[in-house]
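**Q** Please work out how this folds:
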Amino acid sequence: MFKSAIFGGSFDPPHLGHLFVVTTLLNMGFDEVRIIPVASHPLSKKCLPFSLRFQMAKLNFGLFPERVVVDDIENKLPAPSRTWDTIIQLEKMHPDSNFTLIIGEDNLAIKNNWYKWQEITAKIDVLTIGRGNFDSSNPQLKIPDISSSFIRKNINYHNRIKDLLNPKVFKFIQNNNLYSRENPPDLKWALIGKGKIGTALIHNLKQKHQLPLYIIDPLIKQNRLQLTIPQYESIATLPQNKYSPDIIVFATPDNLDLTTELELLADKHTYTPFLVHTGGMKSPEQRFPNWPNAKTGLLHPLKSVSTSKTNLFDSFWGISTLNNNSKILKNFLDLLEGKTVDIPEGKEALYHCGCSLAANGTAINLAKTKDLFYKHLDLSKNNSEGITMQLANSALANLNNSGIIKGLTGPLVRRDWQTINYHLKALKKYSPETIQIYLNMLLSFSNLLNIDLPKSIKNLFK
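**A** Just a heads-up that it's a prediction; the model follows:
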């Protein structure tokens, strides 16, 4: 007989996990797979209108026009949609077909809520779909760990979901503004100190139509950005009370003293904006002296940023702030679709050192970095692994795209000996066994880049 798989569901929206199941079923020997979007959910689950889900299903499964049928049968049957009624109707319409019901293991867990479950299992075969990675010791059919609810929840964050959807479905969702949640609120921000991270922030947030209110950079005359944004050489030249940023991002060098700049900034605004620094070396209190502590923070990209076009979306960021409930900081991170880890207070230099090891490291550096993050900075094993590999992979991508000279980043490239000394002091205090690995990294890259190390650091090799 003709073997037909009944694959029903909300398909709200259909995604690549569903497509994976269909291709697997066809490879298992089914003559056809019949996709049946539910019309009226029997458990009162809220879904998009049937017509929209039906159209998305046709787009998602259109790769197999001969062997996959997207069936609107449940839209023609009385509500609510019940699998038993659907099976009875299908058998009447296709008497030569031998049907197998495909269900997810989550539905199997609530089988007692199904209408006539015992009669269904007595009438036709049931194949259960698991979720997660394939395990050869348990050859159950499994769907990749993708969920429609995750896609709906993250609909504003395209970088998180676009690889989980058929491009045609993704475009359909965008064109019809489906699942639209309240967009991340408009956030007024300003940038002080351009550099690679500053220009990367501009490049990334421009995609979300969130350009800064103004830019302040001493080198603006030599390197003015081709944007319609007010650009100033210094805080002193910033007009009084003209702008009202919610948050001001400082992308200035780690070792720059900001005391004078902060005094000038305080005179330029009638209120107190939130200040964040993109460096990870000093605490917010050290970074922004005499500024209210509850309005300061660190926001350090855990990625090697070598060009203005470095993708910062959906990346890990190290954060440090006394105001963990800051809505402004949360909104800024939402714009970047960022994942965060806390920088432990007092261990900023050790954290920054770990970043340098991972971003310029060999396999032994990466192993030691994971160890530093997990044992000494109290990060979870998963976050330690994720951060280390994000740093390493982005560094390798930079080297591949820009070459050794332009692709490397970090304090050695900048000849920032003060930061390197902070790193060494932190290692001596928390992880002395790592000092030699760090020194070896300095030596190898200084030779590669023809950088003359200071005498104080050379003496450490003796």
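**Q** do you know how far residue 47 is from residue 157?
**A** Applying C-beta to C-beta, to the nearest Å, the value for residue 47 to residue 157 is 21 Å. Every C-beta, even on glycine, is put in place using the N, C-alpha and C of the backbone.
**Q** average pLDDT for the one helix or strand residue 201 maps to?
**A** Residue 201 belongs to helix 195-206 when assigned by DSSP states H and E. The average pLDDT within helix 195-206 is 89.
**Q** Could you check that helix and say which residues are buried?
**A** Neighbour counts over helix 195-206 (16 or more other C-beta atoms under 10 Å) mark 195, 196, 197, 198, 199, 200, 201, 202, 203, 204, 205 as buried.
**Q** Which elements pack onto it?
**A** Counting contacts by 3 or more C-beta pairs under 8 Å, 6 or more residues apart in numbering; DSSP states H and E, helix 195-206 packs against strand 189-192.
**Q** Give the rounded mean pLDDT of the strand it packs on.
**A** Strand 189-192 carries an average pLDDT of 94.
**Q** partners of that strand in the sheet?
**A** Each strand paired with strand 189-192, and its direction, by DSSP bridges: strand 215-216 (parallel), strand 247-250 (parallel).
**Q** would you put the C-alpha positions of that strand in CSV?
**A** Extracted C-alpha coordinates of strand 189-192, given in CSV (Å, rounded to 0.1, in the frame of the first residue of the first chain):
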residue,chain,number,x,y,z
TRP,A,189,23.1,57.4,22.5
ALA,A,190,26.3,59.3,21.9
LEU,A,191,29.9,58.1,21.2
ILE,A,192,33.1,59.5,22.7
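**Q** For the stretch 1-150 of the chain, just list every one of the helices.
**A** Counting by DSSP state H, counting those that start in this stretch, the stretch 1-150 of the chain has helices at residues 16-27, 50-60, 73-76, 83-93, 105-108, 117-123, 148-153.
**Q** Identify each buried residue in the fourth one, please.
**A** In terms of neighbour count (16+ other C-beta under 10 Å), helix 83-93 has its buried residues at 83, 85, 86, 87, 90.
**Q** Going by distance to residue 367, which of the residues you listed wins?
**A** When these are ranked by distance to residue 367 (C-beta to C-beta), residue 83 comes first, at 51.3 Å.
**Q** The helix holding residue 201: how far from the chain's middle?
**A** Its chain's average C-alpha position is 17 Å from that of helix 195-206, according to C-alpha atoms, centre = their mean, to the nearest Å.
**Q** List of residues touching that helix?
**A** Contact with helix 195-206 is made by 189, 191, 211-212, 215, 217, 225, 227, 249, 251-253, 278, 301, 305-313, 335-336, 409, as judged by C-beta atoms under 8 Å, 6 or more residues apart in numbering.
**Q** Please apply the same query to stretch 255-262.
**A** Among residues not part of stretch 255-262, those counted as contacts by C-beta under 8 Å, 6+ apart are 192-193, 235, 250, 252, 281, 287-291, 416, 418-419.
**Q** Equivalent analysis for stretch 419-432, please.
**A** Surrounding stretch 419-432, the residues in contact under the criterion C-beta under 8 Å, 6+ apart are 254-255, 281, 347, 349-350, 352-353, 356, 371-372, 376, 411-412, 434-435, 438, 442, 456-457, 460.
**Q** Could you do stretch 23-39 as well?
**A** 2-11, 22, 47, 50, 53-54, 57, 61, 64, 67-75, 77, 79, 81, 86, 90, 100, 102, 141.
**Q** At the geometric centre of the protein, which residue sits there?
**A** What sits nearest the mean C-alpha location of the chain, by C-alpha atoms, centre = their mean, is residue 314, with 2.2 Å.
**Q** Tell me the bridge partners for the residue lying closest to residue 284 once chain neighbours are set aside.
**A** Sequence neighbours aside, residue 296 is the residue nearest to residue 284 in space, at 3.9 Å (criterion: C-beta to C-beta, 6 or more residues apart in numbering). Beta-bridge pairing for residue 296 (DSSP bridges): residue 275.
**Q** Give me the neighbour count for residue 296.
**A** Neighbours of residue 296 under the rule other C-beta atoms under 10 Å: 25.
**Q** same deal with residue 440?
**A** 14.
**Q** So which residues of the protein form strands?
**A** With DSSP state E as the criterion, the chain has strands at 2-9, 32-37, 68-70, 97-104, 125-131, 142-143, 189-192, 215-216, 231-232, 247-250, 274-277, 296-301, 316-321, 339-342.
**Q** weakest of these in terms of mean pLDDT?
**A** Lowest mean pLDDT of the strands of the chain: strand 142-143, a mean of 68.
**Q** so where's the stretch 151-300 of the chain shaky on pLDDT?
**A** Along the stretch 151-300 of the chain, segments meeting pLDDT under 70 span 181-186, 220-226.
**Q** Done for today, thanks.
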